[in-house]
Structures are given as structure tokens and as C-alpha cells.
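Enquirer: what follows is a predicted structure for the sequence shown.
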2 protein chains.
Amino acid sequence: MKIFEVTKKDEKTDARCGIIKVYGKEYKTPMFMPVGTQATVKGMTPEMVKECGSAIILANTYHLWERPGEDIVYNAGGLHKFMNYDGPILTDSGGFQVFSLAKPKDIKEEGVYFKSTIDGKKLFLSPEKSIEIQEKLGADIIISFDECPYYPATYEYMKNSVERTLRWAKRGKDVHKTDQLLFGVVQGGEYEDLREYSAKELIKLDFPGYTIGGTSVGEPKDVMYKMISDSTKHLPYDKPRYLMGVGDPIDIIEGVIRGIDMFDCVLPTRIARHGNAFTRYGKINLKNAKFKEDYTHLEEDCDCYTCKHYSKAYIRHLLMCNEMLAGTLLSIHNIRFLIKLTEEIRSHIENNTLLEYKEDFISKYRK
Amino acid sequence: MKIFEVTKKDEKTDARCGIIKVYGKEYKTPMFMPVGTQATVKGMTPEMVKECGSAIILANTYHLWERPGEDIVYNAGGLHKFMNYDGPILTDSGGFQVFSLAKPKDIKEEGVYFKSTIDGKKLFLSPEKSIEIQEKLGADIIISFDECPYYPATYEYMKNSVERTLRWAKRGKDVHKTDQLLFGVVQGGEYEDLREYSAKELIKLDFPGYTIGGTSVGEPKDVMYKMISDSTKHLPYDKPRYLMGVGDPIDIIEGVIRGIDMFDCVLPTRIARHGNAFTRYGKINLKNAKFKEDYTHLEEDCDCYTCKHYSKAYIRHLLMCNEMLAGTLLSIHNIRFLIKLTEEIRSHIENNTLLEYKEDFISKYRK
């Protein structure tokens, strides 16, 4: 089944505009996907998320497996109904959380043994189990179970890991039986040949889409950008490419330039809860005393709910009083900021002006 | 200026339906007013509050005086603009907070000296200062500065306190210079003659509305109900009567039966943040394990946003994960519950069936 089409290729970079068909509808790429880790985008109703222009949103398999358990979500009618999101949903494999949250862990050929981060009980996650959970959760796009090693890892370690992740991808695909779209994960760390190998072997399994894993795990930015290029250049032109866990505005632009179509990140909601807002001129922290009597909006030309109705002084007041609405208002703005960024990126790909846009954006953002 | 009209008097009780004219519009009473202590109804956007059917909402003078300060609200264009609420707003006098939060305090004829609950700095609040702050905050209805003694207080203490509160009411009225509606506060504790005295002396000052203070300060329910009757029976028929800080559903019904038109309380949002929901059959706590796989709504016949879209199982999941949305969804339901209660009360006053409604409501609610 063809789920993706490139509608415009940038003439100067590997960036492309595309359309992904999912949830019975068509959505434009490049796209930013807000994250609802525990089946809720923190501090926001689903309507607020949609009002920001969201298409696909994420939920985390690991978290939902632990709480409330995939059977409860399944019995509720699946994730869409459980969390009241009338739009496409993607679940990750749980792999990243096992490797980042669970310690200690014991990685075996059959899967990973580790302890619950909630109650310490012994858990086991495998390619088959990950698919089984994701099938019960019922998202539209699901992801192969992979190992996500930290940076730096030795070549030897990474080679073995990539081989195992490929075997896991095959095992997951073999047991996958719903019409959910199962994406494969390119790993390989900073090793160009391993990225190539990982991509090419995955392609043999013919996934409807591919994700780039193993970035944002401690590596410098230039290494991350090279990891992306080293992966995308071996991936099929007509399949979507999803860079997992990246949401810094500049990283999104750099990712698009290297051929990425989809991004997700907790960054916009996480920084919001700490009082931060994205702006064209870099992040600002609303707790700063200088905003005490600033009656302007976060961004005067922003079309988000927050900027339409609230001043910096009000948001600062809410933050100083630990009021929940502060996180909500900042999350709305930050998610809208990243989605608007992808809208602008699409428009500049159409006009072949993405490089100029990048230069202009960075010059202001880093000011 | 006539701001209130009784449109229907219950034939069997002192309950009445009325219309209050404020903020350039007409609103029906009896009415429940959600509380936005710090210029935000906790966990809700103003749109959510309005969707619950809210008319007047409250903000607390004491809190806003301390943070962000009345000048910041004034410079922002007043409370309506600051907090983005396009509807009538009422501020209290700060009196209740001074007496309940600030310790120690030194009550003098000129006002009250006490320490900030935030940073311990010395503060002074007086009738004049309260009016000045409330004029800057810019609510539509404001309240006289009063002393709110705890229950029980000696007759001697209460008599002196009532006398002083009356002198304060006069002083506040003398300096009040905007067209905000200034309400007087009936005090007198559980002493019938002091309630009568307080009411009659206030009437001489001819306020556009009267509030009943000094309830919910530790007294038994039957004492509270008598305090209400002892106050309302001396108040003018054609002026609104507002019972401060009462939001228990049964207390609202009992208050209406004794001639109360307006109620406010933090109860619906406060209990929400602890996982509780009002239902016809009493409060339920969604943290209870029995709701783990309960895919029904909080109330199947409720028309609130929460009951339209979410199951008890989902709300319980959010609570277990400490997700902000739990408090939001429960707050919406609880506020809608109390507003719907007043809507039903109005309808039963129209039909002279309020006593039957009360009996039916209590039999289910206390089941």
C-alpha cells in the first residue's frame, strides 16, 4: 500500500514536501508530531492540540504498557477513543524508554529484561511483545522494537546491536497482523557504514516507512546531522522518514534539509512546564522579572490561542503562583510554534527558498 | 440603580428566581460562581468555564494584591482583559483571607496589620485600601471589607466585631468612587440579634446587594442554615443576596430555600485536583481501583465536556500518572455539576417543586 508521496522536492537540498495517507486522511509533511506520552499531551485537551494544527500525535508504548496497561486501552476501544483524539496516532516501540529509563537492563537475543521504573517489578520486552502491545493500543502507525545505544558506543558494540535490531525488526514484522503501518528503525550510531547497512537491510523487509533512531543520545549536533544524512541517503525516496525525538527548531530545519519528513519531541511541552516559550528570537523564560509588566504577547504575530488572548505579564503571574494554566498556555504556544515552523518550511520548499529561510531563521533565533 | 429583580417566588419557601444586571447583561439567579482565586479558575481556560454555563466568576483581592499586585492588573487593562474572561467578575474584599490565612494579625479600628503569607513582609489592609485595590482590579461587583470571626466567638466579641465591620462598611462606601457594584457584608455569627442588627444597619447604607459572611467557619450545618435565615429575613426583597464561600450541593439547595441568590466556592476545583467528582449519588474518588476498567462516563446523563468524551478509566489513568488533564477534566465536570444544579433549582422554583427536588436530591446524594 502506498501511503506517501513526495509532492515537491527542494532544488537545493534533500528537503521535500509530501503527503502521508493515514487514518483515512491525507496530511502534509514535513510535519511535527506532538507527544502525548501517557495518552495525553501534557496540560492540553485534544481539541487544543488540534487547534495548534496537529496531524499525527504520539503516545508512548512503554508508559501505556506499564500504566494503565494495553488491555485497558484496548477495552476502552483503542487509543483514539481512550484519549479522545480524532486524528492519527503513532506509538513508538518502547525501545527508547527501555534503554533510557530502565536500569539495570539485560539485553538478550530474545529481548530485554529490566525493572519497572514505577514499582520495580521485573519486566520483559521483545519485538513480539512490543508489536502485541502496539496492536492492542491501536495507533495508526507503530514502530519496530529496537535497541537505542547511547553515544558514544564502540563500533563493535554498535555492529552487534544493529544486527540484533535487524533480527528484531524481522521478528516484529513476522508477527504483525493488523493493518497498522509498521515502520522500521534505522540505527548504527555515528558509523556511516552501519547506518547504510541498517537502512539497506531494513529496506529488504519493505516497511511502509522508516524512522531514524539513535540520535539525541548525547552526540554533538554535527554528528547528529551526519547520522541523519547517512541514514536518509539510503532510504527509498517515496517512503516517509521519521526522525525520532527531535524537536529543537534548528534541528527540525536541519533534519528537513537532510530529507526528514516527520519529527516528534516532548520539548515544547516540557520546556513550557518550566516557564519557557519558543520565539523567533530564541527561547524566553517567562519567570524572568523583566516580563512582570510586559503586556505584550509571547509573539505579536503568532496566531495561537495563547498569543491571541494573554500577555507575558499574565503568564508570568500564573507561573509565579504555580497555576496549571501557565503550562497549558505555554504548551499551546510552543506546539503551535513548531507546527507553524513546519508550515513555513513546506512553503519554502515549494519556493526553493529553504536555505535562505534557514539562514534567516538561525540568525534571529540565535541572536 | 436597580440591578436585581425577583422574577418568581417559590410558594413554599423563601427561594426565588431572579435576574441580576451586571457587566451590561442579565444573568439568572440562583447562580453558582466559579472561583478564580489568582485570576484563573484552576486548571481551566476561561472558555472552559463559560462552556460550563458560568456567568459571574470570582477572583480574590487578597491574592491578587499580593501577586501580581493590583497595579499590574490595572495596567493590563483590568481583570477581564488580564485573565481573558468575557463575563462579569466579582472580587471579594480580602477580609476572609486576612482572617483565614494571615497569622498573626492585629485588628485595629483603622484596619488589620498582618504578615504576608508569601514572604512574611508586613502588610496592612483597611476598608479604604480594599476598595482602592478592588477598584484597580476592576471587577464588576466588589465587596466591603469585613472581619470574619471564626465559630464560635463570644457574643461580646461578635458584637464589637459587627459594630466595627459596619463602621468599615461605611468607610469603604465613602471612598468608593467607580460604578462597580459594592455589596455590603452581613456578619453576626450565630447570634440572631446581631445578624438582624448587622443587616438593618447595612440597609441604611443602601448597598445594591448584600452578602452573608461568617458562615463555613467551623459551625455545624444547622447553625449555618440558621445564620442564613437570620440574615436574609432582614434583607430587602429586591436586592441580590450572596452567600460567600458555600458550594456543597446540599448547602446550595438549603441556601436557596432560605432566600440566597448567589454562591461561590473553590470546592468543585479543589476536590477535582484530589481526584473527586460530584455525582447525583454523592462524591466519587476516581483514584479508587474500582474505576480501573470502568469505561462509563462520570455521569451518563451529564452534558459537560468531560462526560461527553472521557471514561472514568481514562480519568483514573490520568490521576495515577499525575497528569494535569485529570484536574482539568474533573474541574469541568464539577463546575458544570454545580451550575446545572442551580439551573435545576431555578426550574423547580418556577414550578413550586423545590422542596420535592431537595428531598429527591438529598436521598440520592447521601445514599
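Expert: Alright, I've got the coordinates. The structure displayed is predicted, hence computed values, not measured ones.
Enquirer: what sits against the closest residue to residue A:219 other than its chain neighbours?
Expert: Leaving aside its chain neighbours, residue A:219 sits nearest to residue A:151 (4.0 Å; criterion: Cβ to Cβ, 6 or more residues apart in numbering or on different chains). Heads up, the C-betas are built off the backbone N, CA and C, glycines and all. By Cβ atoms under 8 Å, 6 or more residues apart in numbering or on different chains, residue A:151 lies in contact with A:189, A:190, A:214, A:217, A:218, A:219, A:223.
Enquirer: buried among the residues you listed? Need that as a selection in PyMOL.
Expert: Command for PyMOL that selects the buried part of the contacts of residue A:151, burial taken from 16 or more other Cβ atoms under 10 Å in any protein chain shown:
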select buried, chain A and resi 189+190+214+217+219
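Enquirer: name the nearest of the contacts of residue A:151 relative to residue A:199.
Expert: residue A:214 (12.3 Å; Cβ to Cβ).
Enquirer: right, and the closest one touches residue A:230 too?
Expert: No. Taking Cβ atoms under 8 Å as the definition, residue A:214 is not a contact partner of residue A:230, at 11.0 Å.
Enquirer: please enumerate the shared neighbours of the two.
Expert: By Cβ under 8 Å, 6+ apart, the residues touching both residue A:214 and residue A:230 are residue A:188.
Enquirer: how is chain A carved up into domains?
Expert: A:4-265, A:279-367 (automatic domain parsing).
Enquirer: report the secondary structure element holding residue A:80.
Expert: Here residue A:80, judged by DSSP states H and E, is contained in helix A:79-83.
Enquirer: of the contacts of residue A:151, which belong to helices?
Expert: residue A:223 (DSSP state H).
Enquirer: now tabulate the contacts of residue A:151 in CSV and tack on pLDDT.
Expert: Output for those, formatted as CSV (pLDDT from 0 to 100):
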residue, pLDDT
A:189, 97
A:190, 97
A:214, 94
A:217, 91
A:218, 92
A:219, 96
A:223, 98
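Enquirer: list just the nearest of the contacts of residue A:151 to chain B.
Expert: Comparing the contacts of residue A:151 against chain B with Cβ to the nearest Cβ places residue A:217 closest, at 24.9 Å.
Enquirer: pull out the buried positions in the top helix by length along chain A.
Expert: Looking only at chain A and at elements set by DSSP H, the helix with the highest residue count is helix A:324-350. Buried residues in helix A:324-350, defined by neighbour count with 16+ other Cβ under 10 Å: A:324-343, A:345-346, A:348-349.
Enquirer: thought residue A:37 was touching residue A:67?
Expert: No. Residue A:37 is not in contact with residue A:67 according to Cβ under 8 Å; the separation is 10.6 Å.
Enquirer: those two: which is more packed in?
Expert: residue A:37 (19 against 15; other Cβ atoms under 10 Å in any protein chain shown).
Enquirer: gap between the more buried one and residue B:230?
Expert: 54 Å (Cβ to Cβ, to the nearest Å).
Enquirer: residue A:312 now?
Expert: From residue A:312 over to residue B:230 (counting by Cβ to Cβ), the distance is 48 Å.
Enquirer: other residues contacting stretch A:173-180?
Expert: By Cβ under 8 Å, 6+ apart, stretch A:173-180 touches A:127-128, A:131-132, A:134-135, A:138-142, A:144, A:182, A:184, A:205, A:207.
Enquirer: first-to-last residue distance for that stretch?
Expert: 11 Å (Cα to Cα, to the nearest Å).
Enquirer: buried set for it?
Expert: Buried-residue list, stretch A:173-180, by 16+ other Cβ under 10 Å: A:173, A:176, A:180.
Enquirer: just the element for the first one, please.
Expert: Spelled out, that is residue A:173. Going by DSSP H and E, residue A:173 is part of helix A:155-175.
Enquirer: next: residue A:296.
Expert: Under the assignment here (DSSP H and E), residue A:296 is part of no helix and no strand.
Enquirer: where's it relative to chain B, distance?
Expert: In this structure, residue A:296 and chain B are 11 Å apart, going by Cβ to the nearest Cβ, to the nearest Å.
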